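Engineer: Only the shape, not the letters, is given here:
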């Protein structure tokens, strides 16, 4: 009965034109318009856009541009009941220390990701002057540090992130460091399962990259990595100036010979490898019975720091680990040189007419660059500008060797496989050289009678009239 009444009523409305009047009167589109959901949700991390100028309350937002906070609430807002315009307003919290602000959705964005994460190794930028609390940090320029904390920067209008750091070279914490005051280091992508040839190529690429990016730190990973070559004049390294090589429990296992060169860039003594640091790298032979060879040879150079490295069974007979050709202003501190010339270990008496250089060849040689054969003909094979840049002699000068150890290499039973090495110079004069606080234990030269009356057969030896200053060295 009710159904019949409804049908009769509808028929009446249609016949009288009433349905058209109803449709014309009511805006049915409003019933079918779907309100888009808000872009951001309650408790979500959010960032104020750099283009934002005013809050919804029409107050300036310039000091909070790029700040990151949390969405406290989301509300759909319409200017008035008659208006069809609707948009979302967000109440943003920046923590208990700050008042919340209300902004339009168009002034928000998802937060940019921090450039660095906890545990990352970074470098403090040379441009850094003050932390976000206005404390001076300029004395830490170029130092390496590990990120210990990442938090939002609500200290200034730069917004984004701030960082707490642990300096790697000293037990000191820095806090409230702005992101722009940090720079990335170059993580050298060596692999433990790579061949020596492959890792050599990776090193070469890293050194070339550092050459075009002065001030870069090359950060080497933890592990044991093959390097070296059996054709060392085809597969060698040219070191870049203004670079730090920094290891992190990094061991290079040398197969054959690894030559690293610092080439002269001009005719002056300091025209060469300069502003160069090598720290916490460990070189060891692949063949721990017969040894392999690592040598860093430089023609001219200035301002070196060689600190905390070790060289084990990579000092071959008659060669050097460092051959300094006229290098100026260098420091060698807290390094270990272990094992020299294992093929001479069994030689108890030096045969007549034997070349004594085989026995006293220095781990660190304070050489003079010149047109003579100071380099043993090695650098001139790889440097087409050798003769142009060596028109005059330059003595190695102002080099400090402190707190290093020159030791024998022994097997697990304490049997000496290779005796310890010497340092000094056997031919040219030397400028200022400070040799202090070093340990020389069981050096090869000390085994032989010649050590009693030949100055070159001493663990530390320099020609007369050289400028060496010796103190507190222990020789056993």
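Structural biologist: Looks like it came in fine. All values reported here derive from a predicted model rather than from experimental measurement.
Engineer: So which elements touch the helix or strand where residue 296 lies?
Structural biologist: Here residue 296 sits within strand 293-299, counting by DSSP states H and E. For strand 293-299, the packing partners by 3 or more Cβ pairs under 8 Å, 6 or more residues apart in numbering; DSSP states H and E come out as strand 243-254, strand 257-262, strand 310-315, strand 322-325. Any C-beta I mention is one placed from the backbone N, CA and C, and that applies to glycine too.
Engineer: how does it look with 7 Å?
Structural biologist: strand 257-262, strand 310-315, strand 322-325 (3 or more Cβ pairs under 7 Å, 6 or more residues apart in numbering; DSSP states H and E).
Engineer: Quick one: closest of those to residue 449.
Structural biologist: Ranking those by proximity to residue 449 (Cβ to Cβ) places strand 310-315 first, at 23.2 Å.
Engineer: for this structure, what are the low-confidence residue spans?
Structural biologist: Scanning the chain for pLDDT under 70 picks out 1-34.
Engineer: so what are the domain limits for it?
Structural biologist: 44-109, 120-184, 186-475 (the TED database).
Engineer: Need the winner for burial among those.
Structural biologist: Highest mean neighbour count of the domains of the chain: domain 186-475, a mean of 19 (counted as mean count of other Cβ atoms under 10 Å).
Engineer: Can you give me the first-to-last residue distance of that domain?
Structural biologist: 40 Å (Cα to Cα, to the nearest Å).
Engineer: how far does it sit from the chain's center?
Structural biologist: On the basis of Cα atoms, centre = their mean, to the nearest Å, domain 186-475 is displaced by 22 Å from the centre of the chain it belongs to.
Engineer: next one: stretch 138-150
Structural biologist: Using Cα atoms, centre = their mean, the offset of stretch 138-150 from its chain centre is 12 Å.
Engineer: same check, this time on stretch 178-186
Structural biologist: 11 Å.
Engineer: would a markdown table of the helices and strands packed on strand 293-299 with distance to residue 376 be doable?
Structural biologist: Formatted as a markdown table, the helices and strands packed on strand 293-299 follow (distance: least, Cβ to Cβ, whole Å):
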| stretch | distance to residue 376 |
| --- | --- |
| strand 257-262 | 11 |
| strand 310-315 | 15 |
| strand 322-325 | 8 |
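Engineer: closest one to residue 146 among those strands?
Structural biologist: strand 310-315 (22.5 Å).
Engineer: which residues are in contact with stretch 408-424?
Structural biologist: 289, 291, 312-313, 315, 337-342, 345, 360, 362-364, 366, 401, 406-407, 440-445, 447, 459-462 (Cβ atoms under 7 Å, 6 or more residues apart in numbering).
Engineer: Now, those that are in strands?
Structural biologist: 312-313, 315, 337-340, 362-364, 366, 401, 406-407, 440, 460-461 (DSSP state E).
Engineer: Show the residue spans covered by the helices in the stretch 151-300 of the chain.
Structural biologist: Listed in chain order, the helices of the stretch 151-300 of the chain (DSSP state H, counting those that start in this stretch) span 196-212.
Engineer: Among the helices and strands packed on strand 293-299, which comes closest to residue 96?
Structural biologist: That would be strand 310-315 among those, by Cβ to Cβ, at 51.3 Å.
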